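Asker: With the sequence up front, the predicted model follows.
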Amino acid sequence: MALEESNLSFLFTPKYKENTVTVGSMDIHYVASEASSTDFDETGQILWRVSKLFVLFLQKNPQLVRNRNILELGSGTTAFGGIASLQLGAKAAICTDYQPHIVDICKQSLLLNKFHGLINNSLQVGLLSDTLGKGSSYCHKWGDKESLMEILREEIDHEKIQLVVGCDVCVWEDSLPGLFSTAVEALSYNTSAAEERKSHSLKQTHPQLVHSSGILHPSLYQHPLIIFAFERRALRPEKKMEAIAGSYGLERLRISAPEFVEPEILEQYPLAEFFIDIYYLPSAEPISTDEPNEAAESSTSSSHES
């Protein structure tokens, strides 16, 4: 009996430590535990493997984040989406999770990658980019619009969120309505009704939205997007995801891991399936139309992770 209690203590009392991993062209520092528990809702304290593949995807498409405001949902303690975005030149990365102790540790991960010190609740971060972005970590429960608006007013004031990201967040069916509502509300922040009514169907204008090696068509860089990276599991509620996305008028583009990850990396995950789902509002106003397409030039010729 004592042995069983000891094992349970190991699973449900995470032991955190600092780590560094090389993903493609980046060294990312983070704090995480070696164990998690879905039964006790302790899943945000480890580094999920799809997070590394999502970083490789961003490295192939740096214009998704460069000079833009990013909101990460379900950042956990590692905040890989936010940290990678900042390294690639994001203007701001707002990392969120709904558990206060996870948010506190997420701030430590941001600090490990910082250039400058803590400024209010935010950090000035910048490693690979020429400009310094601002990283922050907040407690937020999906679906809580009031909380979301307070965070956005605090961090970006009169600016807009151009990208919402999340890694392995589409797991529990009951959480999906709040997840999608938060993502859509974030993209609608500081967006006028007139802008929302503008029609700009990407699929009609550009039928092929993904080029070789997972590089996106430049038109996608010009739109506010929701991007969820996930590993397919038996119980993943994909039909529910499609229904909720459809209720918001979102169109989806799905990219499988072999399209943007080198075979030698995927060999580390036999039998696993990884995907990137890109959602966009076809009626949303383009972010910009005059940025050069540097994705192909910026993509790494070889990507390896340890």
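Answerer: Ah, there it is.

Asker: wait, what's in contact with residue 252?
Answerer: 242, 245, 277, 278, 279 (C-beta atoms under 8 Å, 6 or more residues apart in numbering). To be clear about C-beta, it is placed using only N, CA and C from the backbone, and glycine gets the same treatment.

Asker: what residue ranges in the stretch 101-250 of the chain score low on pLDDT?
Answerer: Along the stretch 101-250 of the chain, the parts satisfying pLDDT under 70 run over 115-132, 192-207, 234-235.

Asker: Now do the strands in it.
Answerer: Here the stretch 101-250 of the chain has its strands, by DSSP state E, counting those that start in this stretch, at 114-119, 122-125, 133-139, 163-167, 225-231.

Asker: partners of the fourth one in the sheet?
Answerer: Going back to what we said before, that points to strand 163-167. Strand partners for strand 163-167, identified by DSSP bridges, are recorded as strand 69-72 (parallel), strand 225-231 (parallel).

Asker: how about the helices of the stretch 151-300 of the chain, start to end?
Answerer: Taking DSSP state H, counting those that start in this stretch as the test, the helices found in the stretch 151-300 of the chain are 176-188, 193-197, 202-205, 218-221, 238-247, 263-266, 295-298.

Asker: Residue 211 is nearest to which of those helices?
Answerer: Among these, the nearest to residue 211 by C-beta to C-beta is helix 295-298 (7.9 Å).

Asker: What mean pLDDT does the closest one get?
Answerer: The average pLDDT for helix 295-298 rounds to 42.

Asker: Report the beta-bridge partners for residue 252.
Answerer: Assigned bridge partners for residue 252, using DSSP bridges, are residue 279.

Asker: ok, back up a step: now the buried members of the contacts of residue 252.
Answerer: 245, 277, 278, 279 (16 or more other C-beta atoms under 10 Å).

Asker: nearest residue to the second one other than its sequence neighbours?
Answerer: The shortest distance from residue 277 to any non-neighbouring residue, by C-beta to C-beta, 6 or more residues apart in numbering, is to residue 228 (4.8 Å).

Asker: give the contact list for residue 216.
Answerer: 61, 64, 209, 210, 278, 295.

Asker: thinking again about what came up before, most tightly surrounded among the strands paired with strand 163-167?
Answerer: Highest mean neighbour count among these (mean count of other C-beta atoms under 10 Å): strand 69-72, with a mean of 28.

Asker: now it, how far from the centre of its chain.
Answerer: 8 Å (C-alpha atoms, centre = their mean, to the nearest Å).

Asker: Count the residues that sit near residue 160.
Answerer: Neighbour count of residue 160, defined by other C-beta atoms under 10 Å: 18.

Asker: thinking again about what came up before, so which of the helices of the stretch 151-300 of the chain is the most packed in?
Answerer: Of those, the one with the most neighbours on average (mean count of other C-beta under 10 Å) is helix 176-188, at a mean of 21.
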